[in-house]
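1. When you get a sec, could you give me coordinates for this:
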Amino acid sequence: MSAAEKATRSVKKATRSVVAQAAEAALAAVASKPASAPVPGVPAPEAPSLTEPTKPRGPLAPKPDQDGPQRRTATGTPTDTAATDVGQQGSFLTTSQGARLRDTDHSLKAGTRGPTLLQDHHLREKITHFDHERIPERVVHARGAGAHGIFVGYGNAKPITRAGFLAKNAQTPVFVRFSTVLGSRGSADTVRDTRGFATKFYTDEGTFDLVGNNIPVFFIQDGIKFPDVIHAGKPHPDREIPQAQSAHDTFWDFASLHTEAQHHTIWNMSDRGIPRSYRTMEGFGVHTFRLVNAAGETSLVKFHWKPVLGVHSLTWEEAQMLAGMDPDFHRRDLADAIESGAFPQWELGVQVFEDTPEELFNGIDLLDPTKMVPEEDAPVQAIGLLTLTANPTNYFAETEQVAFHVGNLVPGIDVTNDPLLQARLFSYVDTQLTRLGGPNFHQIPINRPHAPVNDMLRDGFHQDAVHGGVAPYRPNSLDGGCPFHAAGAKDGGFIDVAALIPEGVKVRENPASYDDHFSQARQFWLSMSPPEKEHIVLAYTFELSKCYEQTVKERQLLALANVDPDLCAQVAAGLGLEAPAASEPLLDLPPSPALSQVGGTWPTDGRLIAIVVDPAGDLGQVEDLADTVRAAGMLPLVVAPHGGTLPNGMAIQRTFGATRSIEFDAVVVAGNPAPGADAIAARDAKAAETDQPGTDPRVVLLLQECFRHAKVIGAWGAGAQALSSAGIDAGAVGVLVGDDAGELFGQLHGLLAAHRVWDRFEPVLR
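-> Next up, the predicted model:
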């Protein structure tokens, strides 16, 4: 035997020995486990208590199924360090340097209503570390879609602000980025989540960023807790699941203990958490801002984006189907609408409040970001129109690299002492230093201002400017004194409003007005229509059923009892638990109709209309119908058994095998297509959904889904037979049958303006 053969045999023998030892260890581990293993998915090694633990104790040991890398030095030497010694230590919360902390829920402020202080080292350490947790993906809002557009001011904001871009007919280029919050870049668009709505105005007075969400309130009242709520909502750190959703223990553990989150949470559990499209999504600035006019007079305002197409959402089943079939649905819908010329539009509006020392309106604290002001009490006044007109050329260069900052302000717009906003003023710039590789991220093309810049900032990573002169400091004489200070408002200078700071002491506290955590969540519930209430019940039931720990479910039911007893009882019944009694008084509050999506009508521009055809049938009216749909500003899509063209030469855009109802806003059936050649279960599982012999089973499924999702359905001629095959009553609400396609479409168009046939839902709650 050669030396090489001996070496090979030795290696194989050693390998077999290692594998055998590993197998024996695995078998021994299995043998040591109890005969009846627990249901997998337990989030922690010990069951939690119903109330928040308060007695100090050390960190819990890892779960039995967990292990980590072998403990070795940086140069590969094994150590005797125990697994518990490389994790957290001690019973008390500390800084990164080991100093014990007595409060991590409140930033350090100059009095309970004062601004957050820069000296708050704990806030800065906590936020800085959080901002740099991910490289290079955004920690939040990673999944996004962007578009370019134009903003035109109406001119009616002049009495409250001197911001030039709001002047009459002033046109300002914008870039808008929509996003989910919790998911990674690879997650689905249609998950139940808060959506970001961030707008960059490239004004000639500097860049203004309005960085908001599709929900007007937030989970927390103080920015120091932002890492906490996001850590709770993100996937569990041991398994990195579940992705892009709040249906798990850590989120509901946090929300049920931290009841100021309940108002935002009920919005998320409503249909607002699953928008139909970015084009039909409302936007909010969340915070209260301070505006100043040319005379130096101030007002407090809340910003709103009102979609011209109205506010519309998916059903939960549609959202789930889309997450699997088209996880890019929202970004595709936005890009396709812009490409087809159905430019999305929103009106920018403001609720205006008197700038009083108390900063209250009708008893509502305007600095509390978990509170909103009902539009019936303070109407939204439109001050401009946003139109998205162009898709990005390159996703990374534009949508991924765009950097927003709530501190990007222009003359006439200033911030308030909202403690969440105060922390964001620090966090956004700090985040970009890691994400975009240094301090010059504002020089990336998508971030470059459209106003002259002379900032005296020099050098650093990715410096693209070639600065002249020798004196980047003030005062100087070597560069002729340039740059100079703006002499106040007459030179267009930004002026920090000289707002009064209430007398107080340094504290980590909130005002007493922040203590109400349930009344506005209750008002939201009372403002919903019966179908919307049903959807909220189903959302809470689904989310909490995904929690492993019974105590987490019970604790959240305690919070729901303080919102509404009917809501709590319905969710408790779905979970198989007893509904607890409310622990706080239930206020008799008036509903706010503006919170409901039901009851109005809106333009139908950009809607997708499926025209289901039988290529062998009567196609006489199909082409005329398609032309009528286009003329109405909507997009007709011909759906047939196969691709290519119809006998009359019309192009086929979708096939039975490659489409589902979720793609369309309404369906018109122009024939009764027989089962296609590929309508066999072995080739297309959808073909096994029905045993109706006369109609292609994929068409039957499509119609049944449309009916279940309360969409308008129309049919003429042989199309009525397809409805019958699907078990759909031709006299049902929202189902139209006739002989003339044009007349049929006229009726369909009228119903489509309400988004859905809401009366088709049969809610239990009234």
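2. Give the buried residues for stretch 617-631.
-> For stretch 617-631, a neighbour-count test (16 or more other CB atoms under 10 Å) marks 617, 619, 621-623, 625-626, 628-629 as buried. The way it works is simple: take the backbone N, C-alpha and C, and place the C-beta from them, glycine included.
3. next one: stretch 192-212
-> Quick answer for stretch 192-212 (16+ other CB under 10 Å): 192-203, 205-212.
4. if you look at those, which of them are in strands?
-> 195-203, 206-212 (DSSP state E).
5. and which of those is nearest residue 475?
-> residue 206 (23.0 Å; CB to CB).
6. In contact with that closest one, which residues?
-> Under the criterion of CB atoms under 8 Å, 6 or more residues apart in numbering, the neighbours of residue 206 are 408-410, 449, 451, 494.
7. Okay, and the beta partners of it?
-> residue 203, residue 204 (DSSP bridges).
8. could you measure it against residue 243, distance?
-> Residue 206 is 38 Å from residue 243, where distance means CB to CB, to the nearest Å.
9. And for residue 437?
-> Taking CB to CB, one finds residue 437 at 27 Å from residue 243.
10. Can you pull out the low-pLDDT segments for this structure?
-> Counting by pLDDT under 70, the chain contains low-confidence ranges at 1-39, 65, 67-76, 97, 134-135, 689-693, 763-766.
11. Any idea which residue is closest to the centre of it?
-> Central residue check for the chain by CA atoms, centre = their mean: the C-alpha nearest the mean position is that of residue 195, 2.1 Å away.
12. would you list every one of the strands in the stretch 401-550 of the chain?
-> Under the criterion DSSP state E, counting those that start in this stretch, the stretch 401-550 of the chain contains strands at 413-414, 506-507.
13. Oh, that last question was meant for the stretch 651-766 of the chain, not what I typed.
-> Under DSSP E, counting those that start in this stretch, the stretch 651-766 of the chain gives strands at 654-655, 666-669, 712-716, 735-738.
14. Next up, the contacts around residue 378.
-> When contacts are counted by CB under 8 Å, 6+ apart, residue 378 touches 351-353, 361.
15. Number of residues surrounding residue 62?
-> If you count neighbours by other CB atoms under 10 Å, residue 62 ends up with 14.
16. circling back to that earlier point, for the residue nearest to the centre of the chain, which non-adjacent residue is spatially closest?
-> Nearest non-adjacent residue to residue 195, counting by CB to CB, 6 or more residues apart in numbering: residue 214, 4.2 Å away.
17. shouldn't the one you found be in contact with residue 276?
-> No: here residue 214 lies out of contact with residue 276, judged by CB atoms under 8 Å, at a distance of 11.7 Å.
18. Return the distance of the residue nearest to the centre of the chain relative to residue 330.
-> To residue 330, residue 195 is 9 Å away according to CB to CB.
19. Now do the shared contacts for the two.
-> Joint contacts of residue 195 and residue 330 (CB under 8 Å, 6+ apart) are 178, 275, 278.
20. Compute the inter-axis angle for the strand or helix carrying the first one and strand 195-203.
-> Assigned by DSSP states H and E, residue 178 belongs to strand 171-180. If you take axes from the mean of the first three to the mean of the last three CA atoms, to 10 degrees, strand 171-180 sits at 160 degrees to strand 195-203.
21. mind listing what strand 171-180 pairs with, with the direction of each?
-> Applying DSSP bridges, strand 171-180 is found paired with strand 144-153 (antiparallel), strand 195-203 (antiparallel).
22. Contacts for the shortest one next, please.
-> Strand 195-203 has contacts (CB under 8 Å, 6+ apart) with 141, 144, 151, 163-165, 172-181, 207-215, 275, 278, 281, 283-284, 305, 386, 402, 404, 408, 410, 447, 449-451.
23. Quick one, which of the strands paired with strand 171-180 gets closest to residue 377.
-> Counting by CB to CB, residue 377 lies closest to strand 195-203 out of the strands paired with strand 171-180; the figure is 23.2 Å.
24. coming back round to it: and which of the shared contacts of residue 195 and residue 330 is nearest to residue 432?
-> For those, with residue 432 as the reference and CB to CB as the criterion, the closest is residue 178, at 19.2 Å.
25. Please tell me how far that closest one sits from residue 543.
-> Separation of residue 178 from residue 543 (CB to CB): 23 Å.
26. More neighbours: these two, which one.
-> More crowded of residue 178 and residue 543, by other CB under 10 Å: residue 178, with 28 against 23.
27. and that one, what does it touch?
-> 144-146, 195-198, 278, 281, 330, 334.
28. Now render the strands of the stretch 651-766 of the chain as TSV, adding distance to residue 379 and mean neighbour count.
-> Listed next are the strands of the stretch 651-766 of the chain as TSV, based on distance: least, CB to CB, whole Å; neighbours: other CB atoms under 10 Å:
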stretch	distance to residue 379	mean neighbour count
strand 654-655	43	18
strand 666-669	33	27
strand 712-716	32	26
strand 735-738	37	19
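29. now for those strands, which one comes closest to residue 695?
-> Here strand 666-669 is closest among these (CB to CB), at 9.6 Å.
30. So for residue 671, what's the nearest residue that isn't a sequence neighbour?
-> Leaving aside its sequence neighbours, residue 671 sits nearest to residue 614 (CB to CB, 6+ apart; 3.0 Å).
31. From residue 648, how far off is that neighbour?
-> In this view, residue 614 and residue 648 are 12 Å apart by CB to CB.
32. repeat for residue 716
-> With CB to CB as the criterion, residue 716 and residue 648 are 16 Å apart.
33. Tally up the residues packed near the spatially closest residue to residue 686 that is not a sequence neighbour, please.
-> Distances taken as CB to CB, 6+ apart put residue 698 closest to residue 686, at 5.0 Å, once the chain neighbours are dropped. Residue 698 has 27 neighbours, counted by other CB under 10 Å.
34. Tell me, how many residues neighbour the residue nearest to residue 406 when sequence neighbours are not counted?
-> Distance criterion CB to CB, 6+ apart; nearest residue to residue 406, sequence neighbours excluded, is residue 424 at 4.8 Å. By other CB under 10 Å, 22 other residues sit near residue 424.
35. residues of the host helix or strand of residue 559 that come out buried?
-> Here residue 559, judged by DSSP H and E, is contained in helix 550-561. Of the residues in helix 550-561, 551-561 count as buried by neighbour count, 16+ other CB under 10 Å.
36. which one of the ones in strands among the buried residues of stretch 192-212 is nearest residue 729?
-> The closest of these to residue 729 turns out to be residue 195 (CB to CB; 36.6 Å).
37. in the sheet, who's paired with the closest one?
-> With DSSP bridges as the rule, residue 195 is bridged to residue 180.
38. What's the separation between it and residue 242?
-> Where residue 242 is concerned, residue 195 sits at a distance of 19 Å (CB to CB).
39. Show me what the host helix or strand of residue 226 is packed against.
-> Element membership for residue 226, per DSSP H and E: helix 226-233. When contacts are defined as 3 or more CB pairs under 8 Å, 6 or more residues apart in numbering; DSSP states H and E, helix 226-233 packs onto helix 121-131, helix 249-257, helix 419-435.
40. now the end-to-end length of stretch 733-749.
-> Using CA to CA, to the nearest Å, the end-to-end distance of stretch 733-749 comes to 15 Å.
41. Name the residues that touch that stretch?
-> 604, 621-622, 624-625, 628-629, 632, 666, 668, 670, 707, 710-717, 719-720, 723, 728-730, 751, 757, 759-760.
42. Wait, residue 440 touches residue 464, no?
-> Yes: in this structure, residue 440 is within contact of residue 464 by CB under 8 Å, at 6.9 Å.
43. neighbour-wise, which of these two wins?
-> When residue 440 and residue 464 are compared for neighbours, residue 440 comes out ahead with 19 against 9, by other CB under 10 Å.
44. Quick one: neighbours of residue 58, just the number.
-> Count around residue 58 with other CB under 10 Å applied: 11.
45. do you know how far it is from residue 354?
-> As for residue 58, its distance to residue 354 is 52 Å (criterion: CB to CB).
46. Residue 248 too?
-> As judged by CB to CB, residue 248 and residue 354 stand 43 Å apart.
47. more crowded one of the two?
-> residue 248 (22 against 11).
48. is it true that that one touches residue 238?
-> No: look at residue 248 against residue 238 with CB under 8 Å: they stay out of range, at 11.9 Å.
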